[in-house]
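Visitor: Below is the structure, and that's it, no one-letter string:
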């Protein structure tokens, strides 16, 4: 029996970050991971491989749509799907091997296999039982499905299967208009597939600022993606060509069918805690399957903690990482904290969409007095130069104090631009603080400054 200060179950973003921070703080640490590679869903079959395909297909779009406009002439580029898949896997391999290196550098032990908790202070991996003063559950999540929808990861696929289809489908139905569905739908639309998104709600990207979501849908529609909203999927059926998706429109209960070469089920994710033995231990659980934790990430069983997708909150890798670092600080006798009011969200389509803080709808519901500063990328010289002038920056600030309450960006580099606002909000900055900060010209970031100026006397270039 090996003895550790901390055993983390799960080697994804939350788990491996937690382990590295624990080791840095002087705790003898191990990670239990049954995959052949570290990094969890994110690095292996999620965030990282999908971004590789998004990058590759965005470049394909640029070649076909914008190169000639810039005087770059030549034969049209063709897609070698197998080579693109190999590129994607190279990206994954480089990142997962990087985590192995970090484990060795920080002296984190990798216990290879699937773990369970037979008792507090004990973790079983295979036939071996290891002891730990503290255990951290970081087992992540798995794709959620719908009644009547049978996933085979060949024709009817989750995000995992969508990353590795045998060939580019001529047609693709995406069930669910959330982040995963729109990103992967965007990939295949650029590759030439006819993409139709079927969504239960009457708008895409639930929870997003409504004005941004509306503009986002229009821009995706311009790229050829079709939307069927307010549609309740009844089930799927394999056909000779691919699969049929049956749905009913909620407005009139009328029944419809759509057939495609492939179907992507992107109806969200659910916590994955199977096999841990939590019920036998008496660990309290939430109604939706998350592990219940207190303000210090501890479960109802002393010395057992939980973070990431396994607990309540947005299912985001960076949220899990923040919780991983925070619980490590707690276990080392320090103060660990996560500011859940400043967790950005990003959709890596083109244009990118990013947000942090409150939406306008949330502020209205709270009855809070606020002001809006907007600036279109059409007024940004850099964005116009690269044919990405669609979209805007929308900043929300308290009407009386001018404190930044939220920001929503749709446009080039939105996923990077949002972090200026994150830092500002972390320090309690006002919109004027951002407006008075010099921004380099020409950069996309000037649009953020202009939106901040628009919260005051007005933007300059709009």
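Guide: Nice, I can see it. Because the structure is a prediction, the values reported are computed rather than measured. Numbers count the residues shown, from 1 in each chain.

Visitor: residues contacting the closest residue in space to residue 272 that isn't next to it in sequence?
Guide: In space, and not counting its chain neighbours, residue 272 is closest to residue 142: 4.5 Å by CB to CB, 6 or more residues apart in numbering. Where you see a C-beta, it was placed from the backbone N, CA and C, and this is true even at glycine. Residue 142 makes contact with 41, 269-270, 272, according to CB atoms under 8 Å, 6 or more residues apart in numbering.

Visitor: If we use 7 Å, what do you get?
Guide: By CB atoms under 7 Å, 6 or more residues apart in numbering, residue 142 lies in contact with 269-270, 272.

Visitor: try residue 361
Guide: residue 210.

Visitor: following the strand or helix carrying it, which helix or strand comes up?
Guide: Counting by DSSP states H and E, the element that carries residue 361 is helix 360-366. Note on helix 360-366: by DSSP H and E, the next helix or strand toward the C-terminus is strand 370-376.

Visitor: in the protein, which residue is closest to the centre?
Guide: residue 316 (5.0 Å; CA atoms, centre = their mean).

Visitor: Read off the pLDDT value for it.
Guide: Reported pLDDT at residue 316 in the predicted model: 98.

Visitor: any idea which helix is longest in this structure?
Guide: helix 81-106 (DSSP state H).

Visitor: mind checking how far the very next helix or strand once past that one is from the chain centre?
Guide: The helix or strand immediately downstream of helix 81-106 is strand 109-112, counting by DSSP H and E. Remark: strand 109-112 is offset 27 Å from the chain centroid, using CA atoms, centre = their mean, to the nearest Å.

Visitor: Show me which residues of the following helix or strand past strand 109-112 are buried.
Guide: Going down the chain from strand 109-112, the next helix or strand is strand 115-119, by DSSP H and E. Judged by neighbour count (16 or more other CB atoms under 10 Å), strand 115-119 contains these buried residues: 115-117.

Visitor: Each with direction, which strands does strand 115-119 pair with?
Guide: strand 122-125 (antiparallel) (DSSP bridges).

Visitor: Flag every buried residue along the partner strand.
Guide: 123-125.

Visitor: just the helices in the stretch 101-250 of the chain please.
Guide: 159-162, 179-190, 210-222 (DSSP state H, counting those that start in this stretch).

Visitor: Which stretch among those helices is buried most, on average?
Guide: Among the helices of the stretch 101-250 of the chain, helix 179-190 has the highest mean neighbour count (mean count of other CB atoms under 10 Å), at a mean of 25.

Visitor: Which neighbouring elements make contact with it?
Guide: For helix 179-190, the contact count by 3 or more CB pairs under 7 Å, 6 or more residues apart in numbering; DSSP states H and E identifies helix 47-65, helix 159-162, strand 171-175, strand 194-198, strand 345-347 as packing neighbours.

Visitor: Identify whichever of these lies nearest to residue 228.
Guide: Nearest to residue 228, of all the helices and strands packed on helix 179-190, is strand 194-198, at 4.8 Å by CB to CB.

Visitor: Please identify the pairing partners of that closest one and their relative orientation?
Guide: Checking strand 194-198 against DSSP bridges gives partners strand 171-175 (parallel), strand 226-228 (parallel).

Visitor: so can I have JSON lines of these showing mean neighbour count, distance to residue 220 and mean pLDDT?
Guide: Below are the strands paired with strand 194-198 laid out as JSON lines (neighbours: other CB atoms under 10 Å; distance: least, CB to CB, whole Å; pLDDT from 0 to 100):
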{"stretch": "strand 171-175", "mean neighbour count": "26", "distance to residue 220": "11", "mean pLDDT": "98"}
{"stretch": "strand 226-228", "mean neighbour count": "17", "distance to residue 220": "8", "mean pLDDT": "98"}
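
Visitor: In TSV: these, plus distance to residue 280.
Guide: Below are the strands paired with strand 194-198 laid out as TSV (distance: least, CB to CB, whole Å):
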stretch	distance to residue 280
strand 171-175	35
strand 226-228	44
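
Visitor: how about those strands, which one is nearest residue 333?
Guide: strand 171-175 (47.0 Å).

Visitor: now the angle between helix 179-190 and that closest one, please.
Guide: For strand 171-175 against helix 179-190, the angle by axes from the mean of the first three to the mean of the last three CA atoms, to 10 degrees is 170 degrees.

Visitor: what distance separates strand 171-175 from the centre of its chain?
Guide: Centre to centre, stretch against its chain (CA atoms, centre = their mean), the figure for strand 171-175 is 20 Å.

Visitor: which residues make contact with it from outside it?
Guide: So strand 171-175 is in contact with 181, 185, 188, 193-198, 233, 245, 258, 260-267, going by CB under 7 Å, 6+ apart.

Visitor: again, only this time at 8 Å
Guide: Looking at strand 171-175 with CB under 8 Å, 6+ apart, the contacting residues turn out to be 146, 149, 181-182, 184-185, 188, 193-198, 233, 242-243, 245, 258-267.

Visitor: again with stretch 428-443
Guide: 373, 380-382, 385, 395, 397, 401-404, 420-421, 424, 445-446, 448-449, 452-453, 455-456.

Visitor: try it again with 6 Å
Guide: Under the contact criterion CB atoms under 6 Å, 6 or more residues apart in numbering, stretch 428-443 has outside partners 381-382, 395, 397, 402-404, 424, 445-446, 449, 452-453, 455-456.

Visitor: And for stretch 177-185?
Guide: Taking CB under 6 Å, 6+ apart as the rule, stretch 177-185 contacts 50, 159, 162, 174, 195, 197, 199, 204, 225, 264, 266, 347-349.

Visitor: Looking at neighbours, which among those residues is most surrounded?
Guide: residue 174 (32 neighbours; other CB atoms under 10 Å).

Visitor: what are the bridge partners for that one, then?
Guide: Here residue 174, judged by DSSP bridges, has bridge partners residue 197, residue 264.

Visitor: what's around residue 436, how many residues?
Guide: 12.

Visitor: Do you know the pLDDT at residue 146?
Guide: pLDDT, residue 146: 96.

Visitor: ok, now which ones touch it?
Guide: Per CB under 6 Å, 6+ apart, neighbours of residue 146: 233, 267.
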